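[1] please work out how this folds:
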Amino acid sequence: MTNWTVTATDAARSPLNREYNAEMISRYWGRPTHDAEIDAYERDEQDHDVPVFLVVSRDGEEAGCLGMRFLGDGVGELTRMFVRSAFRGQGAASALLTAMETEAAERGITTLRLDTRGDLVEARSLYAKHGFVEIGRYNDAEYADHWFEKTLKRLTSSPPLAMS
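    Residues are numbered from 1 along each chain as shown. Okay, the predicted model is just below:
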């Protein structure tokens with residue numbers, strides 16, 4: 001079992017954002033991307049509203065990230081799920097999702113949503129494995145092909161200790 005550490009950080013300062021953007025651009029176009037293309041995307045197209053941003057690491061090395069924004073009415077939206085290729089298939093993405101669900105519930109979020117693209121087959125499989133179900137379009141994301149949702153279990157306080 002791999003020991004993952006998940007911490008909150010500032011999305012704008014994380015180098016994982018640029019790696020995520022590079023991979024999303026490359027996979028979408030089916031070719032390598034370049035710095036100018038990533039710069040343009042980050043300047044013109046990427047939304048910057050990610051108030052909750054988690055980074056998963058092992059032995060001090062950052063392995064991946066996951067962000068969440070608030071849509072209102074107890075709904076949070078996941079974004080920027082990314083795991084560096086060297087860490088894939090080792091539970092990093094699951095650790096991020098589990099930690100974010102806890103974070104969301106602690107902030108009063110009762111429903112998580114996300115959108116993803118058709119070419120991100122691994123992501124869709126991961127979300128289904130974690131109880132997300134495919135729903136109809138809930139946003140106007142230009143590149144999204146699939147939309148998912150999960151109702152979170154309500155946090156309950158710990159039962160009082162039994163007195164003897």
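[2] for Asp145, what are its contacts?
    Asp145 sits next to Thr116, Arg117, Gly118 when contact means Cβ atoms under 8 Å, 6 or more residues apart in numbering. (Glycine included, C-beta is placed from N, CA and C.)
[3] please redo it, this time with the cut-off set to 7 Å
    Asp145 sits next to Arg117, Gly118 when contact means Cβ atoms under 7 Å, 6 or more residues apart in numbering.
[4] show me where the protein has its strands.
    5-8, 52-58, 61-72, 75-83, 111-116, 133-135, 146-151 (DSSP state E).
[5] torsion angles phi and psi at the residue lying closest to Ala95 once chain neighbours are set aside?
    Leaving aside its chain neighbours, Ala95 sits nearest to Trp4 (4.0 Å; criterion: Cβ to Cβ, 6 or more residues apart in numbering). Trp4 adopts backbone torsions of phi -100, psi 150, taken as degrees, to the nearest 10.
[6] Arg117 versus Trp4, what's the distance?
    Distance, Trp4 to Arg117, using Cβ to Cβ, to the nearest Å: 26 Å.
[7] neighbour-wise, which of the two wins?
    In terms of neighbours (other Cβ atoms under 10 Å), Trp4 is the more surrounded of Trp4 and Arg117; the figures are 20 against 16.
[8] where does the more buried one land on pLDDT?
    Model confidence at Trp4, given as pLDDT, is 96.
[9] test my guess that it contacts Gln90.
    No: with contact defined as Cβ atoms under 7 Å, Trp4 does not count as touching Gln90 (8.6 Å).
[10] thought Gly76 was touching Ala104, still the case?
    Yes: counting by Cβ under 7 Å, Ala104 sits close enough to Gly76 to count as a contact (4.8 Å).
[11] between those two, which is the more surrounded one?
    Neighbours around Ala104 and Gly76, counted as other Cβ under 10 Å, are more numerous at Gly76. The numbers are 27 against 23.
[12] pull the contacting residues for that one.
    Met68, Phe70, Ala104, Ile109, Leu112.
[13] what's the farthest-apart pair in these?
    Farthest apart among those by Cβ to Cβ are Phe70 and Leu112. That separation is 10.9 Å.
[14] looking at these two, which one has more neighbours?
    Neighbour count, other Cβ under 10 Å: between Phe70 and Leu112, Leu112 has more, with 25 against 16.
[15] how much space between the more buried one and Asp73?
    13 Å.
[16] just the terminal-to-terminal distance for stretch 101-113.
    Stretch 101-113 stretches 11 Å from its first residue to its last (Cα to Cα, to the nearest Å).
[17] much appreciated, bye for now.
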